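[1] let's see this in three dimensions:
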Amino acid sequence: MAQNPTADDVKRDANAAANEAKRDLNEGARRVADDVRDTARNLANNAGADRLADRGAAIANDAVEAGREYAERARAAGQEYADRARVEAERLYEAGQQKAQDVAHYAEERYDEVSEMVRRHPAQALGIAAGVGFLVGLLISRR
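    I've put the predicted structure just below:
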């Protein structure tokens, strides 16, 4: 036997179906909204990633360029210091040459004086040479 539903039963079943449909629609709308939001985020992230990658490449290029500039400045400074060192070395070499010439001239003058003294006083020079030789011999023998 089939039961005949009453109006209240139909109303109740309609309300339940409507509520279930409402829940299903809300759940579907929420899923669609989440999907749209995720897609928008992914697009923004991808665009952000692209922008970030572009910015990273720009920073890397800037760093490379700065490195080149620093290397060029260091090279120029090194060249400048090398030039200064070369000039100073030349100055010191010339000063050393001048001192060597002065010493050679002084030694030549003293040699001439000693030679003249030995010619004027040969016996005295011979005695001095013998005394110096004796002292050097003593010093060497004690070692």
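
[2] point out where the protein drops to low pLDDT.
    Per-residue confidence for the chain (pLDDT under 70) gives these ranges: 1-11, 15, 19, 22, 26-30, 32-57, 143.

[3] where do the helices sit along it?
    In the chain, the segments counted as helices under DSSP state H are 7-120, 122-141.

[4] any chance of TSV for those, columns mean neighbour count?
    Glycine gets a C-beta too; all of them are placed from N, C-alpha and C. Rendered in TSV, the data for the helices of the chain read as follows (neighbours: other CB atoms under 10 Å):
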stretch	mean neighbour count
helix 7-120	10
helix 122-141	10
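
[5] residue 80 and residue 101, how far apart?
    The span separating residue 80 from residue 101 equals 32 Å under the rule CB to CB, to the nearest Å.

[6] ditto for residue 116
    For residue 116, the distance to residue 101 (CB to CB) stands at 23 Å.

[7] show me the contacts for residue 102.
    For residue 102, no residue meets the contact criterion (CB atoms under 8 Å, 6 or more residues apart in numbering).

[8] equivalent analysis for residue 98, please.
    For residue 98, the contact set (CB under 8 Å, 6+ apart) is empty.

[9] ok, now residue 109?
    The neighbourhood of residue 109, defined by CB under 8 Å, 6+ apart, contains no residues.

[10] how close does it get to residue 99?
    In this structure, residue 109 lies at 16 Å from residue 99, with CB to CB as the measure.

[11] cool, residue 16 as well?
    From residue 16 over to residue 99 (counting by CB to CB), the distance is 118 Å.

[12] distance-wise, check residue 139 relative to residue 103.
    Going from residue 139 to residue 103 by CB to CB gives 26 Å.

[13] oh sorry, the question was meant for residue 74
    As it turns out, when the distance is counted by CB to CB, residue 74 lies 42 Å from residue 103.
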